[in-house]
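[1] structure, please.
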Amino acid sequence: MTTPLILNELTRDGVLEVAPHATLVLPTAATEQHGPHLPLATDCIIAEAMATGASAIAAREVPVVVAPVVPFGNSNHHLIYAALSMRTSTYVSLLTDLVDCAVKSGFRRIFLLNAHGGNDEAIRMVARDLVLRSDVAVGACSYWAIGKDAAIEAGADPAWQLPGHSGGFETSLMMALRADLVRSELRPKDADHPRSISSAGIADGLLVLRSGEWKRIDGYTDAPITASASIGRQILEALYGEVGKAIVAFHRAV
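    Numbering: from 1, shown residues only. Model prediction:
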C-alpha cells in the first residue's frame, strides 16, 4: 500500500479484505466555539488534515485505513458561547461503540488520533477498556503531544500554548488549511492575552480548573494576532511527519 485507504470509500468486501492487516486511524474532534475569529469546525478541519496527512506518510510503509472524523466531543466547557457536545459518559459510550464496531468489522489495530483537548482522557479510557475485552491493539494520542517538539522546531512560537485554544497555534494551522474561514477582521489584536489557570504553572503535573475560566479569557488562550499561514504550513508538515512515524511504529510493534 502506497496511499491510505478511506474507509467510507471501501465496499464491504474491501473492508473484510484489508481490516485484519491494516491500522484503522479514527480521528476524534469537536464542534465548538473557537474565539471570535475561527469557525466551530476548527478541530474537525485539523483532525481530518492530520489524519489524512499523517496516514499518507505512514501508508508508504504499512497498510492504513482512515475512518471519518468523529465531529462531536466533550465540549461542555465551551457552551458559554456555542458547541454541540456530549457529557463525558456519553462520549465514552459513543467511542466504545465505534471501536467495538471496528473490531467486529475485522480490524485488529486501531489508532485513535485526537484533535480536541477535552477528548484526551476519554480516548485513553476507551483504549484501556477495549484491550481488556477484545484481542486487539489500540493506540491513543492527541496529535500535538506527539508533535510538540517538531512543531517548535518548525517555527511554533514558544509563547503559544500547544495546542492552546484558538490562539497562535490553532489560528496558524487554520490560516494554512482554510484561510477562507478565518475572520481576520475579528482576530483579537492583543499580543499579551491572559492564559487559563490550568496552564499557569502552579505546580508541575497539577491540573487546576476554575469555574468561569473560559468566560474570563474570552474563549481563547493566547495571542491569535501572532499567527501566520506560512508558519502554519511548516508546522503541519512537521506534525504530519511525526504522527505518521507514530502510526508506523504502532503498526509494527503490534
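[2] quick one: the strands in the stretch 101-250 of the chain?
    In order along the chain, the stretch 101-250 of the chain carries the following strands (DSSP state E, counting those that start in this stretch): 109-114, 137-142.
[3] and those: which comes nearest Thr23?
    Between Thr23 and these, the shortest gap by Cβ to Cβ is with strand 109-114, which sits at 4.2 Å. To be clear about C-beta, it is placed using only N, CA and C from the backbone, and glycine gets the same treatment.
[4] only C-alpha atoms, please: export the closest one in CSV.
    As requested, the backbone C-alpha atoms of strand 109-114 are provided in CSV (Å, rounded to 0.1, in the frame of the first residue of the first chain):
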residue,chain,number,x,y,z
ARG,A,109,-5.2,-2.4,15.1
ILE,A,110,-7.0,0.8,15.9
PHE,A,111,-5.3,4.2,16.3
LEU,A,112,-7.4,6.9,18.0
LEU,A,113,-6.0,10.3,16.8
ASN,A,114,-7.4,13.2,18.7
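[5] what's it packed up against?
    In this structure, strand 109-114 packs against strand 23-28, helix 42-58, helix 88-104, helix 120-133, strand 137-142, helix 229-253, with contacts taken as 3 or more Cβ pairs under 8 Å, 6 or more residues apart in numbering; DSSP states H and E.
[6] so of the ones you listed, which one's packed in deepest?
    Mean neighbour count (mean count of other Cβ atoms under 10 Å) peaks for strand 23-28 among these, with a mean of 27.
[7] quick one: mean pLDDT for it?
    Mean pLDDT, computed over strand 23-28, is 98.
[8] in its sheet, what does whichever helix or strand comes after it sit against?
    Counting by DSSP states H and E, the next helix or strand C-terminal to strand 23-28 is strand 31-32. Strand pairing for strand 31-32, using DSSP bridges, gives strand 83-84 (antiparallel).
[9] what lies in contact with the partner strand?
    Ala30, Thr31, Glu32, Gln33, Leu40, Phe72, Ser75, Asn76 (Cβ atoms under 8 Å, 6 or more residues apart in numbering).
[10] give the rounded mean pLDDT of that strand.
    pLDDT averaged over strand 83-84 gives 98.
[11] repeat that for stretch 62-71.
    98.
[12] now stretch 90-108
    Stretch 90-108 comes out with an average pLDDT of 98.
[13] equivalent analysis for stretch 230-246, please.
    Stretch 230-246 shows a mean pLDDT of 98.
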